[in-house]
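> below: sequence and its predicted model.
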Amino acid sequence: MKEDTQRELDLIVAQVKGHLHYQKELGIHTLLTQGTRKERLNLASIRQELGECTRCRLHEGRNHVVFGEGDPHAALVFVGEGPGREEDLQGKPFVGRAGELLTRIIESIELTREEVYIANIVKCRPPKNRDPKPDEIQTCLPFLMRQLEAIKPRIICCLGTFAAQTLLGTEERISSLRGHFHPYKGAKLMPTYHPAFLLRNPQFKKDVWEDMKRIREEYQRR
């Protein structure tokens, strides 16, 4: 019994330490009460805390932080991997060729970009569009988590391998993850192929359309 109690205390201490470290990474150096956190938890305050971020090496070659854009109360959020060249230049997510395709995908389910929210796992462009490294993902991920917590979407669509694997905490391939919803913090998460992948492999557009039809059906149930 004494050993069980000690294990529970150790777990609580570890959780508190983890939460304090998380707040420190966000630049928060004072404890927030539940009421204060509720007041602060909106996209504007999260963007302010992110600032002109220098928390990882990705800031060294970027032009703009690409925070995200769309309806702050969207029922549907799209999450990609990271900004590309055009996104970095404009400071907006999905504005290059892949962004144009994403816009058409959104319109195919009778929505507009203004009615959804679009964000990425990392907020700065990896050099030469390389894959984001694990430490870069873990540094940036708390900001996406807070964005999702503030928006409270019913549906999340992960675009590509990195977004799906990161949010679901798995190494399973996107080809296996897509096609059905996964529970995620009270929302339903649908992984699908990234628009940039579709530009190179148009034969997979049919699979994405099937995924989007499931999203549309779920969206229209509200």
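Okay, I see it.
> quick one: low-confidence ranges for the chain?
Applying pLDDT under 70 to the chain picks out residues 1-40.
> which stretch of helix or strand covers Ile137?
Using DSSP states H and E, Ile137 maps to helix 134-151.
> can you list the strands that the helix or strand just after that helix pairs with?
Sequence-wise, the next helix or strand downstream of helix 134-151 (DSSP H and E) is strand 155-159. Using DSSP bridges, the strands paired with strand 155-159 are strand 76-80 (parallel), strand 187-192 (parallel).
> just the CA coordinates of the helix holding Ile137, formatted as CSV?
Listed next in CSV are the C-alpha coordinates belonging to helix 134-151 (Å, rounded to 0.1, in the frame of the first residue of the first chain):
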residue,chain,number,x,y,z
PRO,A,134,11.9,15.4,-34.2
ASP,A,135,13.3,18.2,-31.9
GLU,A,136,11.8,20.9,-34.2
ILE,A,137,8.4,19.2,-34.1
GLN,A,138,8.4,18.8,-30.3
THR,A,139,9.5,22.5,-29.9
CYS,A,140,6.6,23.8,-32.0
LEU,A,141,3.9,21.3,-31.2
PRO,A,142,2.7,22.9,-28.0
PHE,A,143,1.6,25.9,-30.0
LEU,A,144,-0.5,23.8,-32.3
MET,A,145,-2.0,22.0,-29.3
ARG,A,146,-3.1,25.3,-27.9
GLN,A,147,-4.5,26.4,-31.2
LEU,A,148,-6.6,23.2,-31.3
GLU,A,149,-7.6,23.7,-27.7
ALA,A,150,-8.7,27.3,-28.4
ILE,A,151,-10.6,26.4,-31.6
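> packing partners for it?
Contact here means 3 or more CB pairs under 8 Å, 6 or more residues apart in numbering; DSSP states H and E; on that basis helix 134-151 packs against helix 2-25, helix 43-50, strand 76-80, strand 117-120, helix 161-168. C-beta: built from backbone N, CA, C; applies to glycine.
> apply 6 Å and report the result again.
Helix 134-151 sits against helix 43-50, with contacts defined as 3 or more CB pairs under 6 Å, 6 or more residues apart in numbering; DSSP states H and E.
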